[in-house]
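*Asks:* Sequence and predicted structure are below.
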Amino acid sequence: MNEHLENLKEIRSLMERSSKFLSLSGLSGISAGVCALLGAWYAYAKLHVDGSGLLSNPEIRHEIVPQLVVEAFIVLTFALLFGTLFTIRKARKQGLSVWNKTSKLLLLNLMIPLIAGGFFCLGMLYHGFFWLCFPATLVFYGVALVSASKYTLHDIFYLGIAEIVLGIIALFLAKYNLICWAIGFGVLHIVYGSVMYFKYDRQEIEIPK
């Protein structure tokens with residue numbers, strides 16, 4: 001009886017591995033969170049240059065906003081770089097391929113909301129709605145995670161929901177939108193990455209029911 005149960009578990013595990021990308025590393029989340037917190041600290045220093053925290057001086061705003069956009073791209077680049085490196089390392093330890101049909105579907109479902117959100121934020125910057133970019137990035141990122149969660153560990157789904165909720169909160173509490181952004185992209189990523197590391201990375205992956 002036990003032998004049959006073990007065989008069923010093995011079959012189930014093989015089916016999960018063929019339909020889901022299981023090589024996301026918890027260290028990827030931690031590194032992304034650290035990059036986001038450093039970016040938030042830099043943005044906070046820049047946004048409070050005129051003492052108001054709201055960039056009330058148009059000349060200061062015109063100078064600083066492009067700097068923050070560049071900084072956001074730098075943070076994103078480093079987060080993706082570390083995330084990719086840790087994911088590749090984990091996949092090699094598992095003897096799995098990083099680039100396959102499942103990972104392509106995962107990437108597709110992740111990138112569509114992210115690209116749409118990127119252009120949406122650029123449009124808001126063009127029209128001068130800088131403060132709306134903070135909640136918008138959280139919401140679109142959360143939608144991307146929810147969309148991609150069906151092709152990887154289901155824990156991603158809950159992270160996505162948390163990002164969406166924080167984005168909505170930031171939308172109505174404009175004074176605290178940078179704090180919400182730092183919590184969403186920084187703290188939640190570190191917490192999520194730590195949980196994933198101890199739950200999956202340090203032991204054989206077993207997908208919860």
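*Replies:* Sure, I can see it.
*Asks:* mind checking the longest helix of this protein?
*Replies:* helix 58-94 (DSSP state H).
*Asks:* Packing partners of the helix or strand that comes right after it?
*Replies:* As assigned by DSSP states H and E, the chain's next helix or strand after helix 58-94 is helix 101-126. Applying 3 or more CB pairs under 8 Å, 6 or more residues apart in numbering; DSSP states H and E, we find helix 101-126 packed against helix 133-148. From N, CA and C alone the C-beta is placed, and that goes for glycine too.
*Asks:* orientation of the helix it packs on relative to helix 58-94 in degrees?
*Replies:* Angle, helix 133-148 to helix 58-94, by axes from the mean of the first three to the mean of the last three CA atoms, to 10 degrees: 20 degrees.
*Asks:* Please state the offset of helix 133-148 from the chain centre?
*Replies:* When C-alpha coordinates are averaged (CA atoms, centre = their mean, to the nearest Å), helix 133-148 and its chain have centres 8 Å apart.
*Asks:* Can you point out the buried residues in the very next helix or strand once past it?
*Replies:* For helix 133-148, the following helix or strand on the C-terminal side (DSSP H and E) is helix 155-172. Neighbour counts over helix 155-172 (16 or more other CB atoms under 10 Å) mark 155-157, 159-160, 162-164, 166-167, 169-171 as buried.
*Asks:* just to revisit the earlier point, for the longest helix of the chain, buried residues please.
*Replies:* Quick answer for helix 58-94 (16+ other CB under 10 Å): 61, 64-65, 68, 71-72, 75-76, 78-79, 82-83, 86-87, 90-91.
*Asks:* Please tell me how far that helix is from the chain's geometric centre.
*Replies:* Chain-centre distance of helix 58-94: 11 Å, with CA atoms, centre = their mean.
*Asks:* okay, the angle between it and helix 101-126?
*Replies:* Orientation note: helix 58-94 sits at an angle of 180 degrees relative to helix 101-126 (the same axes, to 10 degrees).
*Asks:* counting contacts, what elements does helix 58-94 pack onto?
*Replies:* When contacts are defined as 3+ CB pairs under 8 Å, 6+ apart, helix 58-94 packs onto helix 26-47.
*Asks:* Give the other helices and strands that the helix it packs on contacts.
*Replies:* So helix 26-47, by 3+ CB pairs under 8 Å, 6+ apart, packs with helix 58-94, helix 177-182, helix 188-196.
*Asks:* Please repeat the previous calculation with a cut-off of 10 Å.
*Replies:* In terms of contacts (3 or more CB pairs under 10 Å, 6 or more residues apart in numbering; DSSP states H and E), helix 26-47 is packed against helix 58-94, helix 155-172, helix 177-182, helix 188-196.
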